[in-house]
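Trainee: Take a look and give me a structure for this.
(2 chains)
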Amino acid sequence: MQDIIRNFSIIAHIDHGKSTLADRLMQFTGALSDREMREQFLDKMDLEREKGITIKLQPVRLNYRARNGKTYILNLIDTPGHVDFSYEVSRSLAACEGALLVVDASQGIEAQTLANVYMAMDLNLEIIGVVNKIDLPGAEPDMVKQEMENVLGIDKDEIIPISAKLGTGIEDVLEAIVAQIPAPRGDEKAPLQALVFDSYFDAYKGAISYIRLANGELRKGDMIRMMSSGKEYEVIEIGVISPYMTQVEVLQAGEVGYMAAAIKNVADTKVGDTITNANQPAAKPLSGYKEVKPVVFCGLYPLENSEFDKLRDALEKLKLNDASLLYEPESSDALGFGFRCGFLGLLHMEIIRERLEREYDLTLLATAPSVIYRIQLTDGSEVYVQNPSRWPDAQRIEHVMEPFVKASIMVPNEYVGTIMELCQEKRGTFINIEYITPHRVLISYYLPLAEILFDFFDGLKSRTKGYASLDYELHGYQPSDLIKMDILLNGEAVDALSTIAHKEKAYYRGRALVEKLRKIIPRQMYEVAIQASIGNRVIARESVKAMRKDVLAKCYGGDITRKKKLLEKQKEGKKRMKQIGRVEVPRDAFMSVMDIESDK
Amino acid sequence: MTNNNQAGIYIHVPFCVRKCSYCDFYSRPLPDKDDLERYTSKLLREIEQQAGQWANRCFSTVFFGGGTPSLLEPEQIHRILQGLRQHLSLLPQAEVSLEANPATLDASRLQALKSAGLNRISLGVQSFRDEELKILGRIHSVREARQAVEDIVASGFDNFNLDLIYAIPGQNLDDWQYNLQSAVNCQPRHISAYLLQLEPFVPLARQISAGRYAETGEDLQADMYDATVDTLIGQGFHHYEISNFAKPGSECRHNLIYWQAGEYLGLGTGAVSFRDGQRWKNRETVSGLPDESDSGMIDIEILESMNQHDRFVDAVILGLRLTQGISRQQFIERFGIDFAQEYHAILEKFRRDGLLIMEQDRLYLSRRGYFLSNQFMAELL
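Mentor: As a prediction, this is how the structure comes out:
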């Protein structure tokens, strides 16, 4: 059976056409009729389709009758393309024997694609090169093929030119999958070892795991054991996704499918865990993946304090589908009760916030994101701080360490100067520069994670007309000269607006911040003083003048109804504001502290 | 100032020679003579139709508004007033006003209007500076406006109002003072001075957002308002509503009905009526002439059906537009609700902020409160 199975992923940068290629593969193999076809079929979340990105993995099984007359089972495991979700890529890859590397014929290789290809090579995956979008006017497939050969050592003559949009070259891709990707070589007779590469919560069936069987077989009714926890469950349902869930009686070594076992909590089907048979357990688990830890934190508060419980329920439910989301209750003098939440990156943060608001009908206020700082105190102890308002008093601090990343930036060589300038501005330390082709370079820097989080990416894009791509990995902690900066509204410090700044940049940052807030905070019935301070020293001040006009100059019989509607709208608008002391602050003011640079 | 329980009659004439660049009212291009005559007969029929429903109401005011009601022939206005007197209880001493565009008046028309029974003219002067009139898209010039004032006075109308607009793009404080003083020099008994507030879809708003004109800033707007109040009070006018000023005793009785949450009958296409807590509107039509059902009744749209509390809120919001404010005792009698209790927290807050004044029985806006009144009114809803 295994010799007709091919398990593969698609590696591609955002917008290089991964989801479109997946659509075409499904269409070509008849998994989807033309009638069922809609764009980005595997991206089930509305958010994914709106943003044109993949967040959750969605495996699919295709039946392909090859030119040699044999019918093959191809398991495609889709992967996300954004750096925040690179750990999901590693999961997908671990369940495969091969990968399609899709590169845009007009864009060339991007930094992040490179990182993912190296990951695939480390896992000994067979890589099939594909150049997509050859139909575009600016396409230079030959140059891109050469680049792929130079950088990755893929034979340029074997790279398949396609246009996923037009459907050209799709069959060539399928044939290459069959011919080049090795069939799985598990032992069907050995004890069960199945890798959980994703799981989600279904309201009816409980936790559902996507699994790849390495050895043995799995049947409905089997007693299974999760090897990390030892917990045992009875298998209620197994099946394959083609692309709708289809039940089967047995899954065998080499196959990819799903399993439901009345597991109430997704945390009990940990991604990376190995499932084995309880009655005939395997001796050792498969090698899993390292657990991902959130690196970005922010406070999420309901705009209406009464919605706190609703927010907690919503977070609990989201957590079922997203093990990487962390949250714990916290409170703020300014904002009341909320949660400190941890995310994999800014995109992840934005997505969670949007999902909470859309799917759970909440209106939220998010504070500016923060990283985790390690602070050595004068008494010899160490504290971890991921909320600026919990920053210890300056005199208790011995020194502060902040997380750094190793960033790789791939860019056409004419932008080297401006990129280096940007990295320098962001407190970067140069590592090296590498010419991957005569025209494109890979620049590496050590950078504080906090700088990357704020507006680094925007700066990168605007300085390079969008040609730069960025990848980064965490690279430990280093001491930094950091201080806490407070923002005061009418003399009162607002804890939710506090930020951590580098000492040398604090003055500039304070100025920029109060200016920004002056623009964001609307005029109120009284003048509002906005100050930035370090310790007790005010370093910047602006004021919002008192409002002088808010009136309906005309109101007569015929338009009373309409004028009342205007007043109602105004009242609604006020509800979107947070009352802090006597000052009404728009809810996006709290996030504004992060993007002051992009307004320059 | 009068405070009675009598109702008002509003007659909408939705035709204009040309629509002004700031106008968001319902109006249609100028029809031919036949259409004006047809409109008049429709109005007369509507009066007959409404007679039954309004039989137990007494009317103390008639207001011809628009559009440009002064496009009607004096003879047509005469017939409409006759119709009103014949079918409704219109008080003999009723205030009968006509909104007029200076370009549509002359001495003989004015005399005829006077004989028809009009006793108040509201003249849409808007500005005494031609460049500003041009920005506003007015069809008249300053010279025509001055001539119209002369003719109004010569025709024996001793009660007339001048409408002015301030914060016109490009206008500075001196320009506005000049307009104000020019208006005062015409010796009207009433001046309405309106802040230019634009709906986003009107031509002038689009020109501003396209960068053709600069928008007047909030501070200058407020300075202009302050100057208006100071100047007109200094000239012996009574500041009786946010944007309205009158020589004592010459407050517009018709508009007072609106602000005192009184009832009114609206006639003509697009006109709004209010009775027994219900507010409805004669549907606007493309032609300007009413669409009628088979029974000959005008098609209406219910805007609001209010319970006692809604009516109370309405009355508070409207009543606070008047500088005399509202009476606690009167509201208790009228609605059974004590606003001092109902809105205790909000009243306290705005009193502390200096927007509201509560004095024994009366609640009214402070001088600062007029131009910030939405802050308070929005919270009452």
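
Trainee: Show the pLDDT at whichever residue of the stretch 51-200 of chain B sits closest to chain A.
Mentor: Scanning the stretch 51-200 of chain B for proximity to chain A using Cβ to the nearest Cβ identifies residue B:195 as nearest, at 3.9 Å. Placement of C-beta: from N, CA and C, glycine included. Model confidence at residue B:195, expressed as pLDDT, equals 98.

Trainee: again, but for residue A:316
Mentor: At residue A:316 the predicted local distance difference test score is 86.

Trainee: May I have the secondary structure class of it?
Mentor: helix (DSSP: H, G, I helix; E, B strand; the rest coil).

Trainee: Can you pull up the most central residue in chain B?
Mentor: If you average the C-alpha coordinates of chain B and look for the closest C-alpha using Cα atoms, centre = their mean, you land on residue B:255, 6.1 Å from that point.

Trainee: if I've got this straight, it is in a strand?
Mentor: No - for residue B:255, which was evaluated using three-state DSSP, the result is helix, with no strand membership.

Trainee: Quick check: closest non-adjacent residue to whichever residue of the stretch 351-500 of chain A sits closest to chain B.
Mentor: Of all residues in the stretch 351-500 of chain A, residue A:490 sits closest to chain B, with a separation of 14.0 Å (Cβ to the nearest Cβ). Taking Cβ to Cβ, 6 or more residues apart in numbering or on different chains, and ignoring the residues beside it in sequence, residue A:490 has residue A:529 as its nearest neighbour in space, at 5.4 Å.

Trainee: Can I get the helix or strand that contains the one you found in PDB, CA atoms only?
Mentor: Assigned by DSSP states H and E, residue A:529 falls within strand A:528-534. Taking Å, rounded to 0.1, in the frame of the first residue of the first chain, the C-alpha atoms of strand A:528-534 are listed here in PDB:
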ATOM      1  CA  VAL A 528      -6.000  67.800  28.200                       C
ATOM      2  CA  ALA A 529      -2.300  67.900  29.100                       C
ATOM      3  CA  ILE A 530      -0.300  65.000  27.700                       C
ATOM      4  CA  GLN A 531       3.200  64.400  29.200                       C
ATOM      5  CA  ALA A 532       5.900  61.800  28.800                       C
ATOM      6  CA  SER A 533       8.000  61.200  31.900                       C
ATOM      7  CA  ILE A 534      10.900  59.200  33.000                       C
END
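
Trainee: Neighbouring strands of the helix or strand following that strand in the sheet, and parallel or not?
Mentor: Going down the chain from strand A:528-534, the next helix or strand is strand A:537-544, by DSSP H and E. The strands beside strand A:537-544 in its sheet (DSSP bridges) come out as strand A:528-534 (antiparallel).

Trainee: what does the partner strand contact?
Mentor: With Cβ atoms under 8 Å, 6 or more residues apart in numbering or on different chains as the contact definition, strand A:528-534 has outside contacts at A:483-491, A:493, A:506, A:509-511, A:513-514, A:517-518, A:521, A:538-544, A:583.

Trainee: what stretches of chain A score poorly on pLDDT?
Mentor: Within chain A, the stretches with pLDDT under 70 are A:33-57, A:79-89, A:288-292, A:321, A:593-600.

Trainee: what helices or strands is the longest strand along it leaning on?
Mentor: Among the elements of chain A assigned as strand by DSSP state E, the one spanning the most residues is strand A:397-412. Counting by 3 or more Cβ pairs under 8 Å, 6 or more residues apart in numbering or on different chains; DSSP states H and E, the packing neighbours recorded for strand A:397-412 are helix A:111-122, strand A:373-377, helix A:416-425, strand A:440-448, helix A:449-451, strand A:469-480.
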